[in-house]
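Engineer: have a look at this prediction, sequence included:
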Amino acid sequence: MSTLIIIAFILGGLILFAVEVFLVPGISLAGIGATLCILYAIFYAFVYVGTTAGWISVACSALGIALVTVWFMRSKTVDRLALKKTLDYKPDPLKGLDLKAGDTGTTVTRLTLIGNADFNGNIVEVQSTDGFIDEKTLVEIVRINNGTVYVRPTGGIQNR
């Protein structure tokens, strides 16, 4: 009878372990239950059956955890649960803005190669082609490439 109790608790712990690791990630009731079942089976074996049975329970529990992990990894269960959709969305920060080479605006922040500039009331992230540019400096769009606006100073400073 003692052997059946130990086997039942180890099997219950392994089932709860599988649920915890592969179905409900994080520390949940399944993980706590798995730990308690396996530890109680080992405790019961050491106290009520003997030292040899306790060590056999430890070995069976460790082997069972390893086998459940290998079995789940080799089965297609993990593949069925995995996210397979790829995201092909690319944000377009310039969508709806009518910006083109030659437009002028004012830097809102200091351009330490990258910063923000105001073009017709629209604040856009820009990249400097001529090094650092102070804020409130008039800039001109040199080119637009893959959503990146490249600017250079026009020489003036706008007062606000």
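Structural biologist: Happy to help now that I have it.

Engineer: element containing Leu99, please.
Structural biologist: Using DSSP states H and E, no element contains Leu99; it sits outside every helix and strand.

Engineer: residue contacts, it?
Structural biologist: 119, 122, 124, 141, 144, 149 (C-beta atoms under 8 Å, 6 or more residues apart in numbering). In this view, the C-beta of every residue, glycine as well, is placed from N, C-alpha and C.

Engineer: next step: the residues you listed restricted to strands.
Structural biologist: Using DSSP state E, the subset of these located in strands is 119, 122, 124, 141, 144, 149.

Engineer: for the residue nearest the centre of the chain, what are phi and psi?
Structural biologist: Against the mean C-alpha coordinate of the chain, by C-alpha atoms, centre = their mean, the closest residue is Leu83 at 12.8 Å. Dihedral pair for Leu83: phi -80, psi 120, per degrees, to the nearest 10.

Engineer: in terms of pLDDT, where does it sit?
Structural biologist: Note for Leu83: predicted pLDDT of 73.

Engineer: just the contacts of Leu99: which has the poorest pLDDT?
Structural biologist: For those, the pLDDT minimum is Asn122, 85.

Engineer: show me where the chain has its strands.
Structural biologist: 104-107, 114-119, 122-128, 137-145, 148-157.

Engineer: out of the helices and strands in the protein, which is least certain?
Structural biologist: helix 77-81 (a mean of 69; mean pLDDT, DSSP states H and E).
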